[in-house]
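Asks: Kindly generate the corresponding structure for this input.
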Amino acid sequence: MYGAILGDIAGSRFEFSRPKNFDWRTVDLFGGMSTFTDDTVLTVATKYAILKGVPYARAYGKFGRKYSWVGYGTMFKNWLNAHSEKGYNSYGNGSAMRVSFIGQYFDTLEEVEEQARISSLCTHNHVQGQKAAMATAAAVFMARTGASKKEIAGYLRKEYGYTVRKPLMFYRPFGKFDVTAMGTMPLAIRCFLESEDWESCIRNVFSVKCDTDTVACIAGGMADAYYGGTGLEEEALLRRFLIKPDDHGVFDTFLYDWATKSDVAFPEKMKQEIEN
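Replies: Prediction:
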């Protein structure tokens with residue numbers, strides 16, 4: 001999960017523009033313009049829902065309204081403002097960027113996929129939105145439980161139809177900003193498959209013009225699970241980027257506290273609350 005959050009933060013400053021002479025191989029992973037976005041907020045909200053035992057929709061609403069300035073799409077903003085808990089048929093990549101903790105937390109692939117599906121329904125209930133969430137969580141689960149990259153790629157192709165044989169060198173000349181699940185998932189998976197560690201995965205994302213923060217969040221979560229961490233000073237980076245002063249100048253630790261909170265036993269009542 002930390003790999004997803006730090007991927008979001010690393011990718012945030014290159015989402016819409018890149019400096020002159022940008023070199024994805026050597027540019028600093030984090031800079032003065034790096035910040036957490038909606039990807040981080042909703043990733044932590046997913047963890048909150050699971051550990052607190054509340055429906056995903058309620059957690060997304062709570063976190064979304066608390067951190068209202070972090071770059072949500074128009075449809076999600078409308079969902080927040082309406083205090084809705086019903087899906088709006090989105091096939092955007094938002095359902096996939098927030099599910100890394102699901103892949104990390106649950107004990108079986110079946111549970112992971114079902115919880116990811118449920119998490120998508122309150123917003124991204126289009127079949128493509130559901131599929132992206134389920135595939136991302138499944139990849140994280142498989143990566144953390146010892147599956148090879150070949151096995152992960154084969155499963156995602158067979159079960160979800162994500163064909164990821166095209167190398168990144170063929171993505172780079174034609175990269176574009178694409179927030180759909182269909183456009184995001186193959187690229188994110190490929191960035192992970194061509195990586196050697198977490199950092200190289202994020203640099204792979206930098207190498208293609210895309211929805212950089214979200215692709216890095218999705219791919220970074222997979223890489224974190226596969227390589228057993230990011231190789232960075234994670235706690236220090238999370239403190240640096242997640243603890244910010246509020247409107248009154250008081251440092252807000254809520255997001256950091258939930259991002260780093262230890263896992264607790266999964267409340268049985270949560271399944272009933274979500275399903276109801």
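
Asks: helix/strand/coil for Thr230?
Replies: coil (DSSP: H, G, I helix; E, B strand; the rest coil).

Asks: hang on, isn't it packed against Asp224?
Replies: Yes: counting by C-beta atoms under 8 Å, Asp224 is a contact partner of Thr230 at 5.7 Å. Heads up, the C-betas are built off the backbone N, CA and C, glycines and all.

Asks: between the two, who's got more neighbours?
Replies: Asp224 (28 against 24; other C-beta atoms under 10 Å).

Asks: what about the strands in this structure?
Replies: Per DSSP state E, the chain carries strands over the ranges 244-245, 251-252.

Asks: Could you report the pLDDT at the closest residue to Ser100 other than its chain neighbours?
Replies: Of all residues not flanking Ser100 in the chain, Gly221 sits nearest, at 3.4 Å (C-beta to C-beta, 6 or more residues apart in numbering). Here, the pLDDT recorded for Gly221 equals 98.

Asks: how close does Gly221 get to Gly154?
Replies: 19 Å (C-beta to C-beta, to the nearest Å).

Asks: Please apply the same query to Glu15.
Replies: Glu15 is 31 Å from Gly154, by C-beta to C-beta.

Asks: Would you mind telling me which of the two has more residues around it?
Replies: Glu15 (19 against 13).

Asks: quick one: Leu109 and Met142 touch, right?
Replies: Yes: look at Leu109 against Met142 with C-beta under 8 Å: they come within range, at 7.1 Å.

Asks: and stretch 126-136, what's its mean pLDDT?
Replies: pLDDT averaged over stretch 126-136 gives 98.

Asks: Okay, buried residues for it please.
Replies: Of the residues in stretch 126-136, 126, 128-136 count as buried by neighbour count, 16 or more other C-beta atoms under 10 Å.

Asks: If we only consider those, which is nearest to Ser262?
Replies: Proximity of the buried residues of stretch 126-136 to Ser262 was ranked by C-beta to C-beta; the top entry is Thr136 with 23.2 Å.

Asks: can I get the CA coordinates of stretch 130-147 in CSV?
Replies: Taking Å, rounded to 0.1, in the frame of the first residue of the first chain, the C-alpha atoms of stretch 130-147 are listed here in CSV:
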residue,chain,number,x,y,z
GLN,A,130,-15.4,-3.2,-11.6
LYS,A,131,-12.9,-5.2,-13.7
ALA,A,132,-10.1,-2.7,-13.2
ALA,A,133,-10.5,-2.7,-9.4
MET,A,134,-10.6,-6.5,-9.2
ALA,A,135,-7.6,-7.0,-11.5
THR,A,136,-5.5,-4.5,-9.5
ALA,A,137,-6.3,-6.1,-6.2
ALA,A,138,-5.7,-9.5,-7.6
ALA,A,139,-2.3,-8.5,-9.0
VAL,A,140,-1.3,-7.1,-5.6
PHE,A,141,-2.5,-10.3,-3.8
MET,A,142,-0.7,-12.6,-6.3
ALA,A,143,2.5,-10.5,-6.1
ARG,A,144,2.6,-10.6,-2.3
THR,A,145,1.9,-14.4,-2.2
GLY,A,146,4.8,-15.4,-4.4
ALA,A,147,3.3,-15.5,-7.9
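
Asks: how far does it sit from the chain's center?
Replies: 12 Å (C-alpha atoms, centre = their mean, to the nearest Å).
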